[in-house]
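[1] Kindly generate the corresponding structure for this input.
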Amino acid sequence: MVFLSFVYRFVTNFAFMAMVYFSLNFMEKYQNRAIIAILVLVYTGMRAASTLRAFYFFQKIEKLEAETKRLQAPINDGSGGTSARKQVVADVARLRRDGELKSYMDLFFLALIVLLCVAAIMRQ
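    Numbering: from 1, shown residues only. Okay, here's the model as predicted:
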């Protein structure tokens, strides 16, 4: 399922980029092309801001992971439930890492889309 989530994220980002590319290349009039490029830039800016906020969230989760590991160390004297706690911490760490990778993928495609839009605005 983790692999499929990466494939899904790649396919949706690629489809969005392809849609932007083809819509900008098939516009005959410069005004229409510029308006669509500006609207896509606004949308891309909003998505980039949301993705950057997710990085702040991932930083906070990473701090919580470190604090949980620090607090869990003295408890690991053989009492019950520690393996379950370790599993929860490991799952959270994996989900955070996967989320960061997906956010990097989003930012990469958003940067490519910005380049497409700027190129469409600059050419006449």
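
[2] if I pick the residue positioned nearest the centre of the chain, what's in contact with it?
    The centre of the chain sits closest to Ser103, judged by Cα atoms, centre = their mean, with a distance of 1.9 Å. Neighbouring residues of Ser103 by Cβ atoms under 8 Å, 6 or more residues apart in numbering: Thr51, Ala54, Phe55, Phe58. C-beta coordinates here come from the backbone N, C-alpha and C atoms, glycine included.

[3] Tell me who's in contact with the second one.
    Just to be clear, that refers to Ala54. By Cβ under 8 Å, 6+ apart, the contact set of Ala54 is Gly99, Ser103.

[4] Swap in 10 Å and give it another go.
    Gly99, Glu100, Lys102, Ser103, Asp106, Leu107 (Cβ atoms under 10 Å, 6 or more residues apart in numbering).

[5] same thing with the last one?
    The contact partners of Phe58, taken as Cβ under 10 Å, 6+ apart, are Leu95, Arg96, Arg97, Gly99, Glu100, Ser103.

[6] switch the cut-off to 7 Å
    Arg96, Gly99, Glu100 (Cβ atoms under 7 Å, 6 or more residues apart in numbering).

[7] Next: Val40.
    Per Cβ under 7 Å, 6+ apart, neighbours of Val40: Val20, Ile113, Cys117.

[8] Please flag which of the residues you listed sit within helices.
    Val20, Ile113, Cys117 (DSSP state H).

[9] To which secondary structure element is the residue nearest to the centre of the chain assigned?
    Using DSSP states H and E, Ser103 falls within helix 82-122.

[10] Could you save the contacts of Val40 as a markdown table and add columns showing pLDDT, neighbour count and distance to Val2?
    What follows is those, written out as a markdown table (pLDDT from 0 to 100; neighbours: other Cβ atoms under 10 Å; distance: Cβ to Cβ, whole Å):
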| residue | pLDDT | neighbour count | distance to Val2 |
| --- | --- | --- | --- |
| Val20 | 95 | 23 | 28 |
| Ile113 | 96 | 24 | 25 |
| Cys117 | 94 | 24 | 32 |
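
[11] and which of those residues is nearest to Phe3?
    Ile113 (24.6 Å; Cβ to Cβ).
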